[in-house]
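Asker: Structure of the sequence below:
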Amino acid sequence: MDRDDLIQKYLHSELTDEELIAFENLVENDAEFAEEVELRSIFYADRSAQLKNELEQSLLNKDRAFSVQKNENFTEQKLDSDSVNETKTRNLFFYLKRVAAVFVFGVFVYGFLQYLNPSTDQHTLAQTYLSEKHDAPSVMMDDSDKQEEQWALAIKAYQEGKYKIAADQIKSIIDPSNPQKEHQLYLGLSYLYQNPPKYSNAAEQFENILSSKNKTRKDEARWYASLIYLETNKQELAKKYLTQIVKEQSWQYKKAQKLLAFLD
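Answerer: Numbering: from 1, shown residues only. Below is the predicted model:
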């Protein structure tokens, strides 16, 4: 479907479910299209407000004209009062209906513009992303392997939100001479999700992953390290990692773009 037709149908709430999905995908991935939607939504809202003003003025003029006509022709025209009241009621109902429609549309436009340009800051946004808990890995229990048993217990505690217990379990199985990247990642996450968060401990684990030549789990470590640095006001470090994420289009790069917009 033509983009212009898509926007027109959106403004008039005529999109099918399939068209709505296509529309939302364009808004998310096409900045030019999103900007055009924003501008046309504002114009549509302004035009609706103009129509409201014109309607109010028209009704006011009609009421004035009706009053003058009634005074001048009272003796000649025997107006039925019930008919007049019914006419006024219809006019008032029509007016209120239009005003309500304009108000509802205005609320919708405001919400949509907030979606396109959220009035927040990097700390609020970072907190939102931090609240999206990272999934736990799947583990296989092996009673013959003590380390695997402790790892399984650690992940179970992580899944249940018992992050201090998870951290203690993972620390007990990490080999300092040859640590597994998955162990380091979930140790860092277990520090990060504690209340209050242990930012420095978490950042240390993520930095250990990033300093390794092994690329395993580096995408996750870079993302969570950038959020920690935003929360601890180390914006240069945060910007460095967010820029790398966007440049490489690695994991969470779209969210990194939003955060960078506040730092540039």
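
Asker: I figured residue 183 hits residue 171, correct?
Answerer: No - using CB atoms under 8 Å, residue 183 is not in contact with residue 171; the gap is 9.0 Å. All C-beta spots, glycine's among them, are computed from the backbone N, C-alpha and C.

Asker: helix or strand right after the helix or strand of the chain with the lowest mean pLDDT?
Answerer: Here the helix or strand of the chain ranked lowest by mean pLDDT, DSSP states H and E is helix 81-116, holding a mean of 56. Using DSSP states H and E, the helix or strand that follows helix 81-116 in sequence is helix 122-130.

Asker: That following helix packs against which elements?
Answerer: Under the contact criterion of 3 or more CB pairs under 8 Å, 6 or more residues apart in numbering; DSSP states H and E, helix 122-130 touches helix 218-231, helix 253-263.

Asker: Lowest average confidence across these, which one?
Answerer: Ranked by mean pLDDT, the helices and strands packed on helix 122-130 bottom out at helix 253-263, with a mean of 91.

Asker: For it, give me every contacting residue.
Answerer: For helix 253-263, contacts defined as CB atoms under 8 Å, 6 or more residues apart in numbering pick out 121-122, 125-126, 129, 223, 226, 230, 235, 238-239, 242-243, 245-246.

Asker: mind running it again at 6 Å?
Answerer: Contacts with helix 253-263, where a contact means CB atoms under 6 Å, 6 or more residues apart in numbering, come from 122, 129, 235, 239, 242, 245-246.

Asker: ok, back up a step: out of the helices and strands packed on helix 122-130, deepest packed?
Answerer: Comparing these by mean neighbour count (mean count of other CB atoms under 10 Å), helix 218-231 comes out on top with a mean of 23.

Asker: If anything else comes up later, I'll come back, but that's it for now.
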